[in-house]
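Asker: After the sequence you'll find the predicted model.
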Amino acid sequence: MANGHGGARTPAQPAPVSGPGALAQRTDGGPATAQYVTGLPYGDGQDFYDLQTSAPLGAEAAKTQMRSGAQATQGGPSMSATPLFAPTQRPDEPVTAGAPFGPGDGPRPQGPSLLAMSAEETQQIAHVLPTLRAAANSKFGTDSFRRFVRYMEAMTQ
């Protein structure tokens, strides 16, 4: 084999094959130690380290201390997740609520709208709309540009 890199390779530390049931052993070499990563934005390095150390490495569930000082239980009855096959908690809401299609409310804007215009900006757009319309209706106007011009017309009315 090339450079002595062929054939079977037996792991030195972990079990080569896991046994069944009670005889099961780790085959990945065991849990890795938590690493602090530098060079991340402020606070993200500590958050990443906290995520690595928050889950217990043993089988026993343990309480972990969050950075904010609040206690959180890993697993247990305090979790408020809805079971997969539980009846709906919103029987009058369509399944497409929140989606940009179908019945129900559409997506909610997150934060201020990027295209919110002041009265002065609306007047400035209204002055150039005839030029935009002419460009949209020319042989160079694309469908997306025509939709944009229609949107700007709606914003100025």
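Answerer: That came through, no problem.
Asker: Is residue 108 within a helix or a strand, and which one?
Answerer: Assigned by DSSP states H and E, residue 108 falls within no helix or strand.
Asker: gap between it and residue 99?
Answerer: 11 Å (C-beta to C-beta, to the nearest Å). In short, each C-beta sits where N, CA and C put it, glycine included.
Asker: Okay, now the unreliable bits of the protein?
Answerer: Under the criterion pLDDT under 70, the flagged ranges of the chain are 1-5, 9-16, 26, 28-32, 56-80, 109-115.
Asker: And the top helix by length along the chain, what's buried?
Answerer: With secondary structure taken from DSSP state H, the chain has its longest helix at helix 119-137. Across helix 119-137, burial judged by 16 or more other C-beta atoms under 10 Å covers 129, 132-133, 136.
Asker: what's the next secondary structure element after that helix?
Answerer: helix 143-156.
Asker: so what does that following helix touch, helix or strand wise?
Answerer: helix 119-137 (3 or more C-beta pairs under 8 Å, 6 or more residues apart in numbering; DSSP states H and E).
Asker: In PDB, list the C-alpha atoms belonging to the helix it packs on.
Answerer: Provided in PDB are the C-alpha atoms of helix 119-137 (Å, rounded to 0.1, in the frame of the first residue of the first chain):
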ATOM      1  CA  ALA A 119     -43.400  62.600   3.300                       C
ATOM      2  CA  GLU A 120     -40.400  64.300   1.700                       C
ATOM      3  CA  GLU A 121     -39.100  61.100   0.200                       C
ATOM      4  CA  THR A 122     -42.500  60.200  -1.100                       C
ATOM      5  CA  GLN A 123     -42.700  63.600  -2.900                       C
ATOM      6  CA  GLN A 124     -39.200  63.000  -4.400                       C
ATOM      7  CA  ILE A 125     -40.200  59.600  -5.700                       C
ATOM      8  CA  ALA A 126     -43.400  61.000  -7.100                       C
ATOM      9  CA  HIS A 127     -41.400  63.500  -9.200                       C
ATOM     10  CA  VAL A 128     -39.300  60.800 -10.800                       C
ATOM     11  CA  LEU A 129     -42.100  58.200 -11.300                       C
ATOM     12  CA  PRO A 130     -42.900  59.300 -14.900                       C
ATOM     13  CA  THR A 131     -39.300  58.600 -15.800                       C
ATOM     14  CA  LEU A 132     -39.400  55.200 -14.000                       C
ATOM     15  CA  ARG A 133     -42.600  54.300 -15.800                       C
ATOM     16  CA  ALA A 134     -41.100  55.200 -19.100                       C
ATOM     17  CA  ALA A 135     -38.100  53.000 -18.400                       C
ATOM     18  CA  ALA A 136     -40.300  50.100 -17.200                       C
ATOM     19  CA  ASN A 137     -42.400  50.300 -20.300                       C
END
